[in-house]
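Undergrad: here is the input, now give the coordinates:
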Amino acid sequence: MVSQWRKKAGEGGDSGPFSENPNELSRRTFEEGSSSSSDPAFVGLCRVLIGLSVLLLLGLAALVGFTVRSDIDWDASVVKVESGDEIPRESGSSAGEANLEGLRLDLSQLNDQGLVGPADGLRALSYEFCIPAVEAHVREVEAIDATIAIQRSSPGRIGCGEGEYLAIGHTQQADFRGVLAQLSNLPYVDGIEEAHFE
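TA: Next up is the predicted model:
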């Protein structure tokens, strides 16, 4: 019965499934299915990918434009000091090796806690210096020395001039020699003197 059906299908020309070579049928089916350019899903996916690419390129261009137009100083040696920031000490500026040029006070009389005087009357040694009347400098010295008090209207005994602030600190703090070395090495600090209060 199957052989009769095959015979009839063969006589019918192109009307049956076995009328052509099976390899030819597979090749033609593959070619018809591979024309995905007219497939709406494929076209939609291509549009989405192109849109994403355009957005990425626009974002990259905006980032480059911002970087070029901004006034960012990329020099790592320039650091803006904010209030409360800790300034790292240079290697070799420990208490034993501190560069104390510009100090006009005697640190040899101080103990390790930064105190001077007899055992029953130890006190901190106070010092004063002038800085330019610039808030960035105020923040910088305050970041170096937590004991600093800024006097904006008093010249002090050191005699701060017009356009200068008086800075007063004391030695009762950790690593006071290192702190004094950092202060005396600031380019706008001419000298640090002992402060005498009356």
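Undergrad: all strands for the chain, in order.
TA: Under the criterion DSSP state E, strands of the chain are mapped to 103-104, 115-116, 123-124, 126-132, 149-151, 164-170, 192-194.
Undergrad: what domains does the record give for this structure?
TA: 2-69, 103-194 (automatic domain parsing).
Undergrad: so can I have a markdown table of the ones you listed showing mean pLDDT and mean neighbour count?
TA: For glycine as for every other residue, the C-beta is placed from the backbone atoms N, C-alpha and C. As requested, the domains of the chain are exported to a markdown table (pLDDT from 0 to 100; neighbours: other CB atoms under 10 Å):
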| stretch | mean pLDDT | mean neighbour count |
| --- | --- | --- |
| domain 2-69 | 66 | 10 |
| domain 103-194 | 91 | 16 |
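Undergrad: hang on, the earlier thing: so for Arg177, which of the strands of the chain sits nearest?
TA: Closest to Arg177 of the strands of the chain, according to CB to CB: strand 103-104, at 9.5 Å.
Undergrad: who wins for proximity to Leu58 among the strands of the chain?
TA: strand 126-132 (45.5 Å).
Undergrad: phi and psi next, for Gln154.
TA: Quick fix: residue 154 is Ser, not Gln. Main-chain torsions, Ser154, degrees, to the nearest 10: phi -110, psi 130.
Undergrad: wait, it sits on Leu166?
TA: Yes. Judged on CB atoms under 8 Å, Ser154 makes contact with Leu166 at a distance of 5.3 Å.
Undergrad: residues that sit against both of the two, list them.
TA: Shared contacts of Ser154 and Leu166, defined by CB atoms under 8 Å, 6 or more residues apart in numbering, are found at Cys160.
Undergrad: just the helices in the protein please.
TA: In the chain, the helices defined using DSSP state H lie at 2-11, 22-33, 40-69, 135-144, 176-184.
Undergrad: if we can go back for a sec, which of the strands of the chain sits closest to Asp39?
TA: strand 126-132 (73.1 Å).
Undergrad: and the contacts of the closest one?
TA: 105, 137-138, 141, 156-161, 163-171, 180, 183, 186, 188-197.
Undergrad: out of the strands of the chain, which comes closest to Val48?
TA: Set against Val48 and scored by CB to CB, the strands of the chain come closest in strand 126-132, at 59.3 Å.
Undergrad: that closest one versus helix 135-144: what angle between them?
TA: 150 degrees (axes from the mean of the first three to the mean of the last three CA atoms, to 10 degrees).
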